[in-house]
Structures are given as structure tokens and as C-alpha cells.
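Participant: Show me the folded form of this:
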Amino acid sequence: MKIAFQMDDLSKLDFSTDSTISLIIESQIRGNKNYIYSPESLLVIKNEVFANVSNILFINNNKRNYKCSKKKLLKLSNMQIIFVRQDPPFNMAYITSLHILEMINQSKTRIVNDPKGIRNSPEKVFIFNFPRLIPPTIVTRSKEQVVQFLSKHKKAVIKPLYGNGGEGIFLVSNNDLNLNQIIESFISNNKEQFMVQKYLPEIIRGDKRIILVDGKPVGAISRVPKKNEIRSNIHVGGSAKKTAISKSDKIICDAIGPELRNRKLFFVGIDIIGKNLIEINVTSPTCINEIKRLSKIDIAKIIWDKLA
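Facilitator: Residues are numbered from 1 along each chain as shown. I've put the predicted structure just below:
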């Protein structure tokens, strides 16, 4: 099969942790012809979608070694599968690439995840489809609403809707002396609304990242934040710990699975704190390498078994 990966610059990825690398290597093992391209290289000519692609001649995870052909313009409808794997931010450049990918006939070329599904499921807003599963949360640009929320819940986490990797996240309380400055900073730095979510003290013990493939949970890790830190993301210093999918986790997965399949969101990562759904990651889910290392569950293999 011919497989394309819409992704960030290969030379800048961490081969030991990047999930896209694992997907490419598993595809290589299966004898597929693999191509990579950047979303910026997408091109539309007479309703046909092209990209400047490089053929990956070989890639080696252990030695961080790879070789690619020179770039050439290829019609993406000639691919059997296209993976959308560039990282957020989920901005207009990202959305534009999804609009372009939607022009491709998916009866012949499967796109993982479906571009319409990604576009209509922004990761922090998507959780509002499951109100019984989430902690008290509002989306606003009103200082008065934030103050009112804090007067009820005492502590909250404020975060941008379209950030990633734990960037721009603040823990605030109703008696913070600089509360007004923090809120005003969010209002001035974000053109859109931002999220205010009740602080969950369970985060000290870590959150849980669960990977779902075709709507079903297949593996999980616990991500524990550093001391005096609320962000558990691996690349800001959080540590990965082995964990299992609990009964309460399974209830959450069972609740959201049908909607993920309905939106053709095949490869998804969800974040849970305690028994609360925090985020549904549909753009570029990570942590499959950590899950394989800690729990011996090869999610790249599971994904390709499902797609084959």
C-alpha cells in the first residue's frame, strides 16, 4: 500500500517518544511504501489535491537513522491511507489543511483521523458533548464569570482552548492577589474564549492518558507531574508510570466510543483525572511508545492490524 503522513519536520522529532515514528516503522515492517509531507506543501489544482512528498527509503528507531528521497509533487488520491499527524496549535493553518484534505475521495483513500471529524471536534470543547463525565467547566472571555466561578469552586485551572502540550495553563484561586492580572492577560492574549475548569487535587497523583482505537480502549499510562507542578505532560517534565484501565475509565470510554466512531475519529487519546474526562485528543495523539515500554502493548501494531 501507499501511505502518506501529513506531519511536522521529521528531523525535529524525538524518535524515542514520537508516536508518528512508531506508526511509520510498523508500516515499513509491513512492506508499505511510505511518504511524508508538511501541511504547508498541500496544493489544489482543478479539484485535485497534491503535496510535495518524500518517500521514506528506510527509518530506524533505535539509531535515529532515516533516509528520504528528494521531494516530488504527488496526487494524494493515489494513496490508500493518509495519516493526519501534525501537532497543534489548532489554528487557521491547521483548519485550512483539513478543508483541503476533505476534497479527497475517502471511498478510495482513507484519512486517519477524518478531517471533518477533527475540524468539528476541537479537543477541549469536544468534552462538552459528555457533560456527565467532566468536572465543573466554563468557556468564557468574561472576567466577571471567572470570578463568579472561583467564588463557588475556590480553585480553578485556566487554559487556552487551542493550545497544546500544557502551554499557557495557570492554576488560580479566589484569593490570589494577581487574579485580575491573570484574567486580563488571558483576555488580551486570546482572541477567542478560554477554558476555566475546577481544580482537581487528584492531579498531584497524575492524570491518565488512554488510547482508543476505533472507539475502543487499547492501552493507558499514568502521567505524574513534577513537584509543585499541575501539568503532567511528558515533554514539560511529567513522568510516565505503568497503569491499567479501571472500571471507571471503561465507563468513560464506553460513553464516548460510539461518538468517536460516528465522527470517524479512529486514533484518539483521552485524558482523565480521577473519574473526570478532561480532554479528547483527536489531532495527534501521543504516548503509544511509553505504553509499549511500560505495558508491552504495541498500539502501532494494533492500529495497523485494524487498518489492514
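Participant: Counting neighbours, what do you get for residue 262?
Facilitator: Residue 262: 10 surrounding residues under other C-beta atoms under 10 Å. Every C-beta, even on glycine, is put in place using the N, C-alpha and C of the backbone.
Participant: same thing with residue 171?
Facilitator: Neighbours around residue 171, by other C-beta under 10 Å: 15.
Participant: Name all residues that make contact with it.
Facilitator: 155-157, 199, 230 (C-beta atoms under 8 Å, 6 or more residues apart in numbering).
Participant: Would you check which pair of the residues you listed lies furthest apart?
Facilitator: Farthest apart among the contacts of residue 171 by C-beta to C-beta are 156 and 230. That separation is 11.0 Å.
Participant: okay, and the common contacts of those two?
Facilitator: Common neighbours of residue 156 and residue 230 (criterion: C-beta under 8 Å, 6+ apart): 171, 199.
Participant: So which of those two has more stuff around it?
Facilitator: residue 156 (24 against 17).
Participant: Mind listing the residues bridging to that one?
Facilitator: residue 172, residue 198 (DSSP bridges).
Participant: What pLDDT does the model give it?
Facilitator: Reported pLDDT at residue 156 in the predicted model: 97.
Participant: ok, now residue 235?
Facilitator: 64.
Participant: Just the closest of the contacts of residue 171 to residue 64, please.
Facilitator: Residue 64 lies nearest to residue 230 out of the contacts of residue 171, by C-beta to C-beta, at 31.9 Å.
Participant: these two touch, right, the closest one and residue 172?
Facilitator: No. Using C-beta atoms under 8 Å, residue 230 is not in contact with residue 172; the gap is 10.9 Å.
Participant: shared neighbours, the two?
Facilitator: Shared contacts of residue 230 and residue 172, defined by C-beta under 8 Å, 6+ apart, comprise residue 157.
Participant: In contact with residue 99: list those residues for me.
Facilitator: Contacts of residue 99 by C-beta under 8 Å, 6+ apart are 115, 119.
Participant: Help me confirm that it is found in a helix?
Facilitator: Yes. The assignment for residue 99 by DSSP: H, G, I helix; E, B strand; the rest coil puts it in a helix.
Participant: and the strand ranked longest in the chain, what does it pack onto?
Facilitator: For the chain, the strand with the greatest residue count under DSSP state E is strand 48-60. Where contact means 3 or more C-beta pairs under 8 Å, 6 or more residues apart in numbering; DSSP states H and E, strand 48-60 is packed against strand 2-6, helix 19-29, strand 33-37, strand 43-45, strand 65-68, strand 72-75.
Participant: partners of the fourth one in the sheet?
Facilitator: Right, strand 43-45. Per DSSP bridges, strand 43-45 is paired in its sheet with strand 48-60 (antiparallel).
Participant: just the last one next, same as before
Facilitator: Using DSSP bridges, the strands paired with strand 72-75 in its sheet are strand 48-60 (antiparallel).
Participant: Now do the strand it pairs with against helix 19-29, angle only.
Facilitator: Interaxial angle, strand 48-60 versus helix 19-29 (axes from the mean of the first three to the mean of the last three C-alpha atoms, to 10 degrees): 80 degrees.
Participant: can you give me how far strand 48-60 is from the chain middle?
Facilitator: With C-alpha atoms, centre = their mean, to the nearest Å as the basis, strand 48-60 stands 22 Å off its chain's centre.
Participant: Give me the domain ranges for the protein.
Facilitator: What automatic domain parsing lists as the domains of the chain is 2-113, 136-199, 202-302.
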